[in-house]
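**Q** mind looking at a prediction? Sequence and model below.
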Amino acid sequence: MSPQYSCLIVEDSPMMRQLLVFALARIKNLRVTEADDGIDGMRKLANAKYDLIITDINMPIMDGLKLVKRVRSDATHKDTPIIIITTEGSQEDRQRALALGANAYITKPIQAPQVIAKVKELLKVTE
Amino acid sequence: MAAKASGKQRPTKPVAGARAVSSRGTASSKSNGTSSGKPTKPAPKAAKVRAAPPDDLLEKREQFIQTFFRRGAELTEELIREDEQLRSRLGELERENAALRAHVASADAIRDMLVKITQLEKEKRELVSRATDASHTWSHSAERFAEIEAENAKLASLYVASFQLHSTLDLRTIVRHLKELLAQFVGARVLALYLCDEERGQLAPIASDGVPLAKLRRIEPSQGPIGEAWIKGSARWVEGDSTRGTLEAPAACIPLRVDDRTAGVLVVYSTFEHKPSFVDVDFELFKLLGAHAAAALLAARLFAIHGGNLPSLDAFTEIS
């Protein structure tokens, strides 16, 4: 039986969330949960453990960088792989996210094959 | 030599005939009656007639016998040597024979191996051919898979754009979605939405990102690329670098069409640095927005005018 994976998408834009859900539907046995912003993301992380977190950087209330910081300081989720997605393609944002503990960085506009490849890589999905 | 020393002694290996002569000679001397004195019977005629052979004859006989025996011994030795030689030769031939048999067997083995090698070479060629075919098939399939994945991603983007555009009748939300679509799907850094002011015959900027709305001016018909896109009703975009567009020379102008009229123009002045040029899916998205955005905006506006109330059922039944 193939392993089951779970992924939490934290993104304030409904269309980006929808696009990500469409892209991730290409990966078998991956269950996707959506969160509207960082606070909603933390709430969902408090109730469940995920194999992967994908988060936007620019979000209201709690941005992606703060979310990464909180996740990395949480004993339950400190080892969960995190992919940062943002419209900013600057080296500075990338370095900040990676320094805080993000595992990968994807810039918008996202390319579905790129997202799928990154997710598979971090989840160690071979098929 | 012993025979010579005793004078008349017989050879060491006496011959049957010679022995007979000697015994007869002895019998003759006894018959002379010198030893026992008894009268003896008269000797037979033959014994009385024969006398001892002469010495030279005896010597010849002796020589003949010696020669005979010597030749016999030589002949025997020769036969033994020949026998040894023949045995040796036989051994050699047997060894040669074994070697030849081994050689023949080895040649057979080599022949079998050559046949096997030929078969294996053939199998190898077939396998290489099949592997090459499989590789080509796999390569073709991989390319096809990538194309399908890209097409799928494109359709997903278009579906999401369409879904978000028509999922609400709130004008503000639609405008926000339009800006998000351009920013997040196309990578637009500076953009604006112009709508048609039919009373003044101008295009008026109503929303923007990356540039203050106050900085944008109204556009007259055929004024610059935006005015041309409005009047001609056809989209315009730059080929190549889309990051260096300006307010005067935007990267893309997409007329928003509804019922063969242009209700407004979406303008992408420039894109982010990491989005250096437009790609296929962007053009598809431009087409979709050009065909759907105006309808969504007008529907939202009309819905707002009617206080957010759904039209009565009569409005729909009158259609048929």
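**A** Noted; the coordinates are in hand.
**Q** going by C-alpha atoms from here, please, whenever you check contacts or count neighbours.
**A** Noted.
**Q** OK, contacts around A:V119?
**A** A:L52 (Cα atoms under 8 Å, 6 or more residues apart in numbering or on different chains).
**Q** flag every residue of the stretch 51-200 of chain B that's near chain A.
**A** B:149-150, B:153, B:156-157, B:160-161, B:164, B:177, B:180-181, B:183-187 (Cα under 8 Å from any Cα of the partner chain).
**Q** which two of these have the greatest separation?
**A** B:E149 and B:H177 (25.3 Å; Cα to Cα).
**Q** these two - which one has more neighbours?
**A** B:H177 (20 against 16; other Cα atoms under 10 Å in any protein chain shown).
**Q** can I get stretch B:175-186 in PDB, CA atoms only?
**A** Provided in PDB are the C-alpha atoms of stretch B:175-186 (Å, rounded to 0.1, in the frame of the first residue of the first chain):
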ATOM      1  CA  VAL B 175     -11.200  43.900  -9.600                       C
ATOM      2  CA  ARG B 176      -9.000  42.400  -6.800                       C
ATOM      3  CA  HIS B 177      -9.100  39.000  -8.500                       C
ATOM      4  CA  LEU B 178      -8.200  40.600 -11.900                       C
ATOM      5  CA  LYS B 179      -5.100  42.200 -10.300                       C
ATOM      6  CA  GLU B 180      -4.200  39.000  -8.500                       C
ATOM      7  CA  LEU B 181      -4.500  37.000 -11.700                       C
ATOM      8  CA  LEU B 182      -2.200  39.400 -13.500                       C
ATOM      9  CA  ALA B 183       0.300  39.600 -10.600                       C
ATOM     10  CA  GLN B 184       0.400  36.000  -9.600                       C
ATOM     11  CA  PHE B 185      -0.300  34.100 -12.800                       C
ATOM     12  CA  VAL B 186       1.400  36.400 -15.300                       C
END
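**Q** and that stretch, average pLDDT?
**A** Averaging pLDDT along stretch B:175-186 gives 91.
**Q** ok, stretch B:121-128 next?
**A** 96.
**Q** mind saving the C-alpha coords of it as PDB?
**A** Taking Å, rounded to 0.1, in the frame of the first residue of the first chain, the C-alpha atoms of stretch B:121-128 are listed here in PDB:
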ATOM      1  CA  GLU B 121      25.500 -11.600 -31.200                       C
ATOM      2  CA  LYS B 122      22.200 -11.900 -33.000                       C
ATOM      3  CA  GLU B 123      20.300 -11.800 -29.700                       C
ATOM      4  CA  LYS B 124      22.400  -8.800 -28.700                       C
ATOM      5  CA  ARG B 125      21.600  -7.000 -31.900                       C
ATOM      6  CA  GLU B 126      17.900  -7.700 -31.300                       C
ATOM      7  CA  LEU B 127      18.100  -6.500 -27.700                       C
ATOM      8  CA  VAL B 128      20.000  -3.400 -28.700                       C
END
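**Q** which parts of chain A sit against chain B?
**A** Residues of chain A lying near chain B (Cα under 8 Å from any Cα): A:13, A:15-16, A:18-19, A:22-23, A:87, A:89, A:108-113.
**Q** where does the residue nearest to A:K120 when sequence neighbours are not counted land on pLDDT?
**A** Leaving out its chain neighbours, the residue that sits closest to A:K120 by Cα to Cα, 6 or more residues apart in numbering or on different chains is A:T126, at 7.2 Å. At A:T126, the model reports a pLDDT of 74.
**Q** what is the burial count for A:T126?
**A** With other Cα under 10 Å as criterion, A:T126 counts 6.
**Q** do the same with A:L123
**A** Using other Cα under 10 Å, A:L123 has 17 neighbouring residues.
**Q** got phi/psi on it?
**A** phi -90, psi -10 (degrees, to the nearest 10).
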